[in-house]
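[1] no sequence on this one, just coordinates:
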């Protein structure tokens, strides 16, 4: 949540999980669909992706 708001600002950060994403991890699905389908491992992958994008990794 914090990484999203740092990267994208409030409006987009609040919508990000529900928007289709072209990153190969998501394969055109929404991050939310990816996480729901992949469980805890998928959630950890998304967190690592966002932290890497903001420079936290």
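    Yep, that arrived. Just so it is clear, the structure is predicted and the values come from calculations on it, not from any experiment.
[2] just want the most central residue of this protein.
    In the chain, the centroid-proximal residue (CA atoms, centre = their mean) is residue 46; its distance is 4.8 Å.
[3] helix or strand: which one has that residue?
    helix 31-53 (DSSP states H and E).
[4] that helix - contacts with which helices or strands?
    Under the contact criterion of 3 or more CB pairs under 8 Å, 6 or more residues apart in numbering; DSSP states H and E, helix 31-53 touches helix 2-8. All C-beta atoms are positioned from the backbone trio N, CA, C, and that covers glycine.
[5] which secondary structure elements does the helix it packs on contact?
    Where contact means 3+ CB pairs under 8 Å, 6+ apart, helix 2-8 is packed against helix 10-15, helix 31-53.
[6] thinking again about what came up before, residues in contact with the residue nearest to the centre of the chain?
    Neighbour list for residue 46: 25, 31, 34, 35 [criterion: CB atoms under 8 Å, 6 or more residues apart in numbering].
[7] from residue 2, how far out is the second one?
    Using CB to CB, to the nearest Å, we find residue 31 at a distance of 15 Å from residue 2.
[8] repeat that for the first one.
    Between residue 25 and residue 2 the distance is 20 Å, computed by CB to CB.
[9] how about the last one?
    Between residue 35 and residue 2 the distance, using CB to CB, works out to 17 Å.
[10] now the third one
    Per CB to CB, residue 34 is found 20 Å from residue 2.
[11] what about the two, which has more around it?
    Remark: of residue 34 and residue 2, residue 34 carries more neighbours, 20 against 11, as counted by other CB atoms under 10 Å.
[12] wait, the more buried one touches residue 23, no?
    No - Residue 34 lies out of contact with residue 23 (CB atoms under 8 Å); the separation is 9.4 Å.
[13] pLDDT below threshold where in the protein?
    Scanning the chain with the threshold set as pLDDT under 70 gives 56-57.
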